[in-house]
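**Student:** Okay, here's the prediction I keep looking at, along with the sequence it came from:
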Amino acid sequence: DKGGHRHYMSKEIAEQPTTLANALKYYTENREGQHLLEHGVDFTAFDRIVMVACGTASLACFVSKYWFEQIARIPVEIDVASEFRYREPPLNSRTLALFVSQSGETADTLAALRYCKGKAGMILSIVNATESSIARESDLALPILAGPEIGVASTKAFTSQLAVLAALTLQAARQCGTVTAARAQELSDQLRAVPGLVADALTIAPQIHRVAQQLARFDDVLFLGRGAFYPMALEGALKLKEISYIHAEGYASGELKHGPIALIDEDMPVVVLVPHDAMFDKTISNMQEVMARGGKIIMISDARGLSEGGDGVWQRIEMPAAAGPFAPIVYAVPIQQLAYWTAVEKGTDVDQPRNLAKSVTVE
Ligand code: F6R
């Protein structure tokens, strides 16, 4: 049942204020969820977290690396499961091994989990399918409570994975004493504001639709971001290529001048994810380097960012102002919508992209 939507993907994008609120209620207000976090994981027992997943789930891990390292001061390594499983990475009892999977059945992720058994101190997973192999074989499986995700491109599962990882970060910070009580409260308020901001972000769909009509004409697109918006740029590129079949790449803004800037011309639009935050000026200067070489910019920012840095850009997408480290969750919405509307414009099969399966149970 698509609930009146043309595609499952559009329905699942629209469900995010609700699915996020569910996850946050469970992990930040509900006793059972808090119990899982408080008594299930003792972050003081670990020197590092090794996170392993595939595709979009691995990008959720990558975003959360910024949170765990900056807020809870715990070193995080991330890897895609297909590389991790054959690398024979050293692990010990002070390593927390964390697996993220929507389906809970991804073959490489499951094999990586099995490799960690008896080597890592704890096997923790974050899953949507709680009756899955990955959930069963973990010491503790945390549900994301997103409900069934039918569209092959992951949308609501991605943001719910991020919400659970954010709640875990706050728990880790409390346990490890890395933030003051006042800062913990501020972060927790910012996290609880996310579902409302996601609802606001959904209302700008008409702007994105208009930009997508332009974007659909191009063969190559670059996505740029800094800090936790760098993995969001990777996710934006992944989503666009998998459903619209437009070649797209994500780069850290600061890496531009180390190679990819050579590609810039008027035939390759550059999507820049740049909220008005502490990194704003740095990313804007990278963006201006693109513009100076004739590049077409699609700037995704808030009102303040667009007024301070939006001069001369090709297309603007105005987001609600979202402050703090969890703002990337809100920016998932425009990158999903951009991929969605571009695919609709091109007439591709949004829910069943060619060559892709929802659950990748073979290596
Ligand atoms: C992209 C996408 C895939 C999955 C990946 C992992 O939109 O859906 O990249 O994220 O195949 O799948 P799970 O999370 O089921 O392990």
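**Tutor:** That came through fine.
**Student:** Pull the number of nearby residues for Ala120.
**Tutor:** For Ala120, the count of nearby residues is 23 (other Cβ atoms under 10 Å). Placement of C-beta: from N, CA and C, glycine included.
**Student:** Then Cys176?
**Tutor:** Cys176 is flanked by 16 other residues according to other Cβ under 10 Å.
**Student:** Against which helices or strands is the worst-scoring helix or strand of the chain on mean pLDDT packed?
**Tutor:** Across the helices and strands of the chain, mean pLDDT, DSSP states H and E gives its lowest value to helix 31-40, namely a mean of 91. Packing partners of helix 31-40 (3 or more Cβ pairs under 8 Å, 6 or more residues apart in numbering; DSSP states H and E): helix 16-28, strand 140-143, helix 156-176.
**Student:** Can you tell me which helices and strands the helix or strand just after it packs against?
**Tutor:** Going down the chain from helix 31-40, the next helix or strand is strand 48-53, by DSSP states H and E. The contact analysis (3+ Cβ pairs under 8 Å, 6+ apart) places strand 48-53 against helix 55-67, strand 76-80, helix 81-87, strand 95-101, helix 107-116.
**Student:** Which among those is found nearest to Asp281?
**Tutor:** helix 55-67 (18.7 Å; Cβ to Cβ).
**Student:** What angle do helix 156-176 and the closest one make with each other?
**Tutor:** Put simply, helix 55-67 runs at 30 degrees to helix 156-176, going by axes from the mean of the first three to the mean of the last three Cα atoms, to 10 degrees.
**Student:** how big is the angle separating helix 55-67 from strand 48-53?
**Tutor:** 160 degrees.
**Student:** and helix 55-67, anywhere near the ligand?
**Tutor:** Yes: judged by Cβ under 6 Å from any ligand atom, helix 55-67 and the ligand are in contact via Gly55, Thr56, Ala57.
**Student:** my guess is the last one contacts Gln161, does it?
**Tutor:** I take that to be Ala57. Yes: using Cβ atoms under 8 Å, Ala57 is in contact with Gln161, at 6.3 Å.
**Student:** Need the overlap of contacts for these two.
**Tutor:** Common contacts of Ala57 and Gln161, defined by Cβ atoms under 8 Å, 6 or more residues apart in numbering, comprise Val100, Gln102.
**Student:** Who has more neighbours out of the two?
**Tutor:** Legend: neighbour count by other Cβ under 10 Å for Ala57 and Gln161, higher for Gln161 (30 against 27).
**Student:** Show me which residues of the protein are close to the ligand?
**Tutor:** 54-57, 101-103, 106, 109, 153-154, 238, 242, 359-360.
**Student:** Which of these has the largest number of neighbours?
**Tutor:** The residue in the residues of the chain next to the ligand with the most neighbours, by other Cβ under 10 Å, is Ser101 (33 neighbours).
**Student:** ok so, going back, highest average neighbour count across the helices and strands packed on helix 31-40?
**Tutor:** helix 156-176 (a mean of 25; mean count of other Cβ atoms under 10 Å).
**Student:** Now that helix: average pLDDT?
**Tutor:** Per-residue pLDDT over helix 156-176 has a mean of 97.
**Student:** Kindly calculate the angle that that helix makes with helix 31-40.
**Tutor:** 50 degrees.
**Student:** which strands and helices sit next to the helix or strand just after helix 156-176?
**Tutor:** Downstream of helix 156-176, the first helix or strand assigned by DSSP H and E is helix 181-192. Helices and strands touching helix 181-192, as assessed by 3+ Cβ pairs under 8 Å, 6+ apart, comprise helix 16-28, helix 156-176.
**Student:** For helix 181-192, list every residue counted as buried.
**Tutor:** For helix 181-192, the neighbour count (16 or more other Cβ atoms under 10 Å) marks Leu187, Ser188, Gln190, Leu191, Arg192 as buried.
**Student:** ok, so of the residues you listed, who is nearest Tyr66?
**Tutor:** The nearest member of the buried residues of helix 181-192 to Tyr66, counting by Cβ to Cβ, is Leu187 at 13.2 Å.
**Student:** So for the closest one, what's the nearest residue that isn't a sequence neighbour?
**Tutor:** Leu170 (5.9 Å; Cβ to Cβ, 6 or more residues apart in numbering).
**Student:** The one you found and Val270: what is the separation?
**Tutor:** According to Cβ to Cβ, to the nearest Å, Leu170 and Val270 sit 34 Å apart.
**Student:** hang on, Ala172 packs against Glu69?
**Tutor:** No: Ala172 lies out of contact with Glu69 (Cβ under 8 Å); the separation is 10.6 Å.
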